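[1] Fold the following.
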Amino acid sequence: MKAAFWFYNLIWKIVIPVLRLNKRLAGGYDQRILKKKLPKADLWIQAASVGESYLACEILKNLRPSYPIKVIVTTNTHQGLEILERSIIDIIKDHRELSVSVAYFPFDKPSIMKKAVRQVCPKIMVLLESEIWPGLLSALKQHGCITVIMNGRITQKSLRRYLAWPSIWRTIRPDKIFAISEKDASRFAELFGFNNVKVIPNIKFDRFSYTESLSDTSDTLELIIAPGTCLIILGSVRQEEEPAVEKIILDIRRRQPNTIIGLFPRHLQRITYWENALDNLSILFILRSNAKTYVQPGTVILWNIFGELNFAYRHSKAAFVGGSLSPLGGQNFLEALTSGVVPVIGPSWENFYWVGDEIIKHGLVRIASDWREVADILIENTKKPSSHEDVFNKAFIYLKKCQGGTAQTCNIISEILNKKT
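    Numbering: from 1, shown residues only. Predicted coordinates:
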């Protein structure tokens with residue numbers, strides 16, 4: 001084990017200087033190498049990116065500790081950090097017993113992680129979904145911190161990769177693992193051992209009520225989307241499927257030239273690519289940040305502002321959710337559904353199998369085999385759109401029975417904190 005960690009530490013020592021050149025990691029680089037000290041906290045939550053950051057906020061909104069506690073939430077991405085910083089302002093107003101800090105997640109170099117754990121000195125570490133870092137787990141084990149994986153998920157592909165280093169994982173295993181499905185639980189058990197692996201409902205189901213309660217006063221899209229507009233949203237588009245999405249845009253414009261298309265790249269650094277691609281295709285487009293009045297029919301709105309996707313879904317007559325036309329596992333199509341529009345997705349959605357096949361049988365999600373079928377279904381949905389209220393109500397009935405994961409998660413965290421007092 002010592003030899004393995006020596007080698008792992010050496011790899012990080014080599015790659016960390018190179019990572020400074022990565023645009024996604026350059027932001028917060030000094031935090032990631034701990035030039036900026038992390039604050040002490042009773043509870044440390046690690047949220048990898050956007051989806052996990054929303055989960056962290058959901059937990060903090062519902063957490064009711066029996067005494068005032070300090071919390072730090074870390075994330076790997078700039079977008080995740082923005083979500084946390086924006087959301088936590090409101091959370092701490094309503095939860096005076098919580099003192100919350102946010103920061104970038106340190107690089108997992110074992111020597112850095114030992115320093116990070118000493119600085120934070122957490123009583124409990126919550127790793128959301130699939131955050132399995134050997135440097136961190138080892139440092140937490142040495143510190144005597146209770147480590148819990150919440151909302152845990154792990155694919156068979158990831159499991160095979162982890163099992164290439166089999167002996168190490170059971171030595172540094174988390175104290176408790178709460179998975180979102182029996183399949184995920186069995187994979188975690190194969191990796192870490194069968195003790196203390198349980199299944200609880202996915203916290204993402206609980207975000208349905210949060211989406212429902214979003215204030216209409218914060219919806220600025222009514223200033224740029226005229227009433228009655230035929231708007232199609234192409235949401236969370238990933239780099240690997242960009243050529244297919246270009247074909248979808250061209251097909252929609254050919255068949256319905258007055259349709260406005262809202263294009264949301266999954267990562268904002270792809271905006272420049274899309275500006276060049278749309279120019280090369282001679283397609284009229286406008287950056288969302290430049291749209292101040294009603295956008296004219298036939299325009300593509302290229303979204304370079306973060307945080308408006310749910311509102312865009314609400315204004316749309318049809319929506320495609322990306323990460324699904326290439327073998328990427330899919331993006332969260334529940335966001336579209338709970339905004340009142342039936343989402344169209346491609347054949348790759350294994351990251352969201354936990355939602356269940358019943359949702360497809362109910363007609364609440366449409367699955368297309370390729371880009372042509374995506375375009376066909378989108379156009380079909382604009383011609384016979386379901387009312388947003390009707391879709392919302394059907395979604396509520398389906399998702400309501402799946403909720404409760406947040407409450408169970410908060411109870412688990414509170415019980416551990418009480419034992420550590």
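[2] The chain - how does it break down into domains?
    Under the assignment automatic domain parsing, the domains of the chain span 2-201+404-419, 215-400.
[3] between those domains, which one is nearest to residue 208?
    domain 215-400 (4.8 Å; CB to CB). C-beta: built from backbone N, CA, C; applies to glycine.
[4] Secondary structure class of residue 301, three-state.
    In three-state terms, and counting by DSSP: H, G, I helix; E, B strand; the rest coil, residue 301 is strand.
[5] Please name the nearest non-neighbouring residue to it.
    Counting by CB to CB, 6 or more residues apart in numbering, residue 301 lies nearest to residue 262, which is 4.9 Å off, once chain neighbours are set aside.
[6] Contacts only, for the one you found.
    Going by CB atoms under 8 Å, 6 or more residues apart in numbering, residue 262 touches 231-235, 300-301, 303, 312, 316.
[7] now, which of those residues lie within helices?
    Among the contacts of residue 262, the members falling in helices (DSSP state H) are residue 312.
[8] So residue 196 versus residue 189, what's the distance?
    From residue 196 across to residue 189, the span is 10 Å (CB to CB, to the nearest Å).
[9] Same question for residue 93.
    On the measure of CB to CB, residue 93 and residue 189 end up 41 Å apart.
[10] Which one's more surrounded, these two?
    residue 189 (15 against 8; other CB atoms under 10 Å).
[11] That one and residue 197 touch, don't they?
    Yes - using CB atoms under 8 Å, residue 189 is in contact with residue 197, at 4.8 Å.
[12] Show me what the one helix or strand residue 379 maps to is packed up against.
    Per DSSP states H and E: residue 379 is located in helix 371-383. Counting contacts by 3 or more CB pairs under 8 Å, 6 or more residues apart in numbering; DSSP states H and E, helix 371-383 packs against helix 242-255, strand 318-321, strand 343-345.
[13] and the longest one, how far from the chain's centre?
    When distances are taken as CA atoms, centre = their mean, to the nearest Å, helix 242-255 is centred 26 Å away from the chain's centroid.
[14] Give me the buried positions along it.
    242, 244-249, 251-253 (16 or more other CB atoms under 10 Å).
[15] now these in a markdown table, with pLDDT and distance to residue 128?
    Shown next, in a markdown table, are the buried residues of helix 242-255 (pLDDT from 0 to 100; distance: CB to CB, whole Å):
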| residue | pLDDT | distance to residue 128 |
| --- | --- | --- |
| 242 | 98 | 28 |
| 244 | 98 | 30 |
| 245 | 98 | 29 |
| 246 | 98 | 34 |
| 247 | 98 | 35 |
| 248 | 98 | 32 |
| 249 | 98 | 34 |
| 251 | 98 | 38 |
| 252 | 98 | 36 |
| 253 | 97 | 40 |
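[16] ok, how many other residues are close to residue 96?
    8.
[17] Please name the residues that touch it.
    Taking CB under 8 Å, 6+ apart, one finds residue 68 in contact with residue 96.
[18] Just say helix, strand or coil for it.
    Classification of residue 96 using three-state DSSP returns coil.
[19] and it, how far is that from residue 79?
    Distance from residue 96 to residue 79, by CB to CB: 28 Å.
[20] can you check residue 187 too?
    From residue 187 to residue 79 the distance is 28 Å (CB to CB).
[21] cool, and residue 359?
    From residue 359 to residue 79 the distance is 27 Å (CB to CB).
[22] do the same with residue 284
    28 Å.
[23] more neighbours, the two?
    Neighbour count, other CB under 10 Å: between residue 284 and residue 79, residue 79 has more, with 18 against 12.
[24] The helix or strand harbouring that one packs against which elements?
    Secondary-structure element containing residue 79, defined by DSSP H and E: helix 78-94. Under the contact definition 3+ CB pairs under 8 Å, 6+ apart, helix 78-94 sits against helix 50-62, strand 69-75, strand 98-104.
[25] Turn those into JSON lines, columns for mean neighbour count.
    Below are these laid out as JSON lines (neighbours: other CB atoms under 10 Å):
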{"stretch": "helix 50-62", "mean neighbour count": "23"}
{"stretch": "strand 69-75", "mean neighbour count": "24"}
{"stretch": "strand 98-104", "mean neighbour count": "20"}
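[26] Save these as JSON lines, and put in distance to residue 322 and mean pLDDT too.
    Below are those laid out as JSON lines (distance: least, CB to CB, whole Å; pLDDT from 0 to 100):
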{"stretch": "helix 50-62", "distance to residue 322": "13", "mean pLDDT": "94"}
{"stretch": "strand 69-75", "distance to residue 322": "21", "mean pLDDT": "97"}
{"stretch": "strand 98-104", "distance to residue 322": "26", "mean pLDDT": "96"}
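[27] Make CSV out of those and add distance to residue 14.
    What follows is these, written out as CSV (distance: least, CB to CB, whole Å):
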stretch, distance to residue 14
helix 50-62, 28
strand 69-75, 23
strand 98-104, 21
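[28] of all the ones you listed, which lies closest to residue 152?
    helix 50-62 (11.5 Å).
[29] Run through who's touching the closest one.
    By CB under 8 Å, 6+ apart, helix 50-62 touches 45-47, 71, 73, 75, 77, 79-81, 83-84, 87-88, 91, 94-95, 98, 100, 126, 128-129, 131, 150-151, 203-204, 206-207, 210, 332, 406-407, 409-410, 413.
[30] Pull out the buried residues from these.
    Buried members of the contacts of helix 50-62, counted by 16+ other CB under 10 Å: 45-47, 71, 73, 75, 77, 79-81, 83-84, 87-88, 91, 95, 98, 100, 126, 128-129, 131, 150-151, 203-204, 206-207, 332, 406, 409-410, 413.
[31] what bits of this structure have low per-residue confidence?
    Across the chain, residues meeting the criterion (pLDDT under 70) sit at 1, 209-218, 421.
[32] And the strands in it?
    In the chain, the strands defined using DSSP state E lie at 43-47, 69-75, 98-104, 124-128, 146-152, 176-179, 197-199, 231-237, 260-265, 285-287, 300-302, 318-321, 343-345, 366-367.
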